[in-house]
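In: got a predicted structure plus its sequence, pasted below:
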Amino acid sequence: MTLTLLELYNTCAGQPWSMYDSDAESIDDLESALKISINKALSFLWNYQPWSFRYYKHIIRTKQNREYYSLPNGTITKKVTGGKTKYGVKYNGKCLDYLDDTDSLETKNGEPEQFWIEGEYIYLYPTPDNTYGITIDYLLMPYGLNSDDEQIYELSKDDDKVNIPEKYEKAFCNCLISLAMIYAIADESDENHSGYMKQYEDSLAVLFKYCRDKLNNRKITW
């Protein structure tokens, strides 16, 4: 099972009380309103919380005398332990410390101990004097893949797909379809709105169980 835009569209269009045709064969058959609702639901659900399927690792192989490296497409993980924030930037299994003030740093080379972020780059300090393996634990931000398996932030072509492991696809799809229909209706007074809301809440609880995550309550934004 692969969650492509075309499959998601036809599944949404085939839901009870839907006003869309469920026999789309290409991107030209997709009505923009439902396509927008699907992407809006995808963005909300993907970023609803740090789902277990969003955790990735990025490996940096440092080069001698090079202090900055490209960041992955995501948010670096962090947790508070003993009142101290530890970030998912590690060398030899140890978290590097985050540098708040870099203006007064002295030139120094050696094994990385600290880091800071500027734009799309991570800077390491001391500047690596050799090849080291830096691991970055992060939450993936782009929720889609195109036909070349490149990460994308929106499903726009019929064969664009959701970037999610197969074991989560069914639970995620059920939740996504219900939420997309809520956005498509976009009227809480509509008699069908409450039915889809109940489906969404039930399928969301199932998704949390699949991911073994703690259930959160978060209001849908319009």
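Out: Cool, got the structure. Residues are numbered from 1 along each chain as shown.
In: going by C-alpha atoms from here, please, whenever you check contacts or count neighbours.
Out: Fine.
In: gap between Asp129 and Lys108?
Out: 9 Å (C-alpha to C-alpha, to the nearest Å).
In: what ranges do the helices span in the chain?
Out: For the chain, helices defined by DSSP state H occupy the ranges 5-13, 32-46, 166-185, 193-211.
In: ok, now which ones touch the nearest residue to Gln199 once chain neighbours are set aside?
Out: In space, and not counting its chain neighbours, Gln199 is closest to Ser178: 6.1 Å by C-alpha to C-alpha, 6 or more residues apart in numbering. Ser178 makes contact with 196-197, 199-200 under the criterion C-alpha atoms under 8 Å, 6 or more residues apart in numbering.
In: 7 Å instead?
Out: Ser178 is in contact with 196, 199-200, counting by C-alpha atoms under 7 Å, 6 or more residues apart in numbering.
In: domain ranges for the chain?
Out: 5-47+143-211, 54-140 (automatic domain parsing).
In: export these to CSV and append columns for mean pLDDT.
Out: Listed next are the domains of the chain as CSV, based on pLDDT from 0 to 100:
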stretch, mean pLDDT
domain 5-47+143-211, 93
domain 54-140, 95
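In: so which of these is the most packed in?
Out: domain 5-47+143-211 (a mean of 18; mean count of other C-alpha atoms under 10 Å).
In: re the thing from before, which one of the helices of the chain lies closest to Phe115?
Out: helix 32-46 (27.9 Å; C-alpha to C-alpha).
In: off-centre distance for that closest one?
Out: 14 Å (C-alpha atoms, centre = their mean, to the nearest Å).
In: coming back round to it: what's the closest of the contacts of Ser178 to Tyr121?
Out: Nearest to Tyr121, judged by C-alpha to C-alpha, of those is Tyr200 at 38.0 Å.
In: residues in contact with that closest one?
Out: If you count contacts by C-alpha under 7 Å, 6+ apart, Tyr200 has them with 175, 178-179.
In: just those now: which is nearest Lys40?
Out: When these are compared for distance to Lys40 (C-alpha to C-alpha), Leu179 wins out at 9.0 Å.
In: now do the closest one against Ser147, distance only.
Out: Leu179 is 25 Å from Ser147, by C-alpha to C-alpha.
In: repeat that for Glu169.
Out: With C-alpha to C-alpha as the criterion, Glu169 and Ser147 are 18 Å apart.
In: start to end distance for stretch 149-156?
Out: Terminal residues of stretch 149-156 are spaced 14 Å apart (C-alpha to C-alpha).
In: residues contacting that stretch, please?
Out: Residues from elsewhere that reach stretch 149-156 (C-alpha under 7 Å, 6+ apart): 5, 39, 142-146, 161.
In: make it 10 Å
Out: Applying C-alpha atoms under 10 Å, 6 or more residues apart in numbering, the contact partners of stretch 149-156 are 4-6, 27, 35-36, 38-40, 42-43, 73, 140-146, 160-163.
In: now swap in stretch 166-173 and tell me
Out: Here stretch 166-173 makes contact (C-alpha under 10 Å, 6+ apart) with 1-3, 8, 11, 42, 45-46, 52-53, 162-164, 175-176, 179, 203-211.
In: run the last query once more with 6 Å
Out: Stretch 166-173 is contacted from outside by Leu207, using C-alpha atoms under 6 Å, 6 or more residues apart in numbering.
In: that one: how far from the chain's middle?
Out: With C-alpha atoms, centre = their mean, you get 15 Å for stretch 166-173.
In: stretch 152-172 now?
Out: 11 Å.
In: list the residues that contact the residue most central in space within the chain.
Out: Centroid-nearest residue in the chain, with C-alpha atoms, centre = their mean: Met141, separated by 3.6 Å. If a contact means C-alpha under 6 Å, 6+ apart, then Met141 has 73-74 as its contacts.
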